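Novice: Next one to model:
(2 chains)
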Amino acid sequence: NAGVTQTPKFQVLKTGQSMTLQCAQDMNHEYMSWYRQDPGMGLRLIHYSVGAGITDQGEVPNGYNVSRSTTEDFPLRLLSAAPSQTSVYFCASSFIGTWGNIQYFGAGTRLSVL
Amino acid sequence: GENVEQHPSTLSVQEGDSAVIKCTYSDSASNYFPWYKQELGKGPQLIIDIRSNVGEKKDQRIAVTLNKTAKHFSLHITETQPEDSAVYFCAASKRDTGNQFYFGTGTSLTVIP
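Specialist: Take a look at the predicted model:
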């Protein structure tokens, strides 16, 4: 049982390049999310999905696209990378408990945009 | 939207002492408050959570308290050990908003042997 798997672990891009951060979970969780983590700012929600075919914007969605064609996968796309997108990106999957969402995080992707 | 503030940003304690991290939130409708531990190079891991209908919850050396009236909640770690050294995050959410979590800015805890 791998949990939440993110690839790649590290990536360096030039401004204007595009790339896709991959996220896969094997726990059959309906909910999946993408966060970015910046120094002194905690984790901020980029996009999330409540099930296959359903996505919605979080706190900081600009510059990112997502899709959810299967329960397992939730890729994050940067169409034209900017230096402001240098960050550590975390994917999470979760299930609804009695009162809240129990989240499991991947190990992260460290992205540098030059 | 929700605003979660977390203090202190750094905390150093001697091994065996207690550590307390405090968070406040702004949205009185928030009803679920998880705490995460993040070790270097890893993703956050849920360590304990509390619901708005509970004032305190304990799991071995870790406890969380919630004051709904004052809109603040705290993490208490007793008998600290070097392996407790990590960054701790608090978060707040409302169950009916699906995946909308709002995180604090983190506390870097160092336990000195």
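
Novice: Could you give me the buried positions within stretch B:71-89?
Specialist: Residues B:71-77, B:80, B:84-89 are the ones in stretch B:71-89 that count as buried (16 or more other CB atoms under 10 Å in any protein chain shown). Every C-beta, even on glycine, is put in place using the N, C-alpha and C of the backbone.

Novice: Go back to these and keep what's next to chain A.
Specialist: Among those, the residues that sit close to chain A (CB under 8 Å from any CB of the partner chain) are B:Phe89.

Novice: Which ones among the buried residues of stretch B:71-89 lie within strands?
Specialist: Of those, the ones assigned to strands by DSSP state E are B:72-77, B:86-89.

Novice: Would you check which pair of the buried residues of stretch B:71-89 lies furthest apart?
Specialist: Farthest apart among these by CB to CB are B:Lys71 and B:Ser85. That separation is 28.9 Å.

Novice: Just the pLDDT at B:Leu46, thanks.
Specialist: For B:Leu46, the pLDDT comes out at 92.

Novice: How about B:Gly98?
Specialist: 61.

Novice: got it, and A:Asn1?
Specialist: Listed pLDDT for A:Asn1 reads 63.

Novice: Ok, A:Thr7 next?
Specialist: Reported pLDDT for A:Thr7: 96.

Novice: so where's the chain uncertain?
Specialist: If you meant another chain, say so; for now it's chain A. Along chain A, segments meeting pLDDT under 70 span A:1, A:99.

Novice: Chain B, not that one
Specialist: B:95-99.

Novice: Residues of it that sit close to chain A?
Specialist: B:1, B:4, B:6, B:9, B:31-32, B:34, B:36, B:41-46, B:49, B:51-53, B:89, B:91, B:93, B:95, B:98-106.

Novice: Could you pick out which of those are located in strands?
Specialist: Using DSSP E, the residues of chain B next to chain A in strands are B:4, B:6, B:32, B:34, B:36, B:45-46, B:49, B:51, B:89, B:91, B:93, B:101-103.

Novice: Got a PyMOL select line for the buried ones in those?
Specialist: Of these, the buried ones go into a single PyMOL selection, burial set by 16+ other CB under 10 Å:
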select buried, chain B and resi 4+6+32+34+36+49+89+91+93+101+102+103
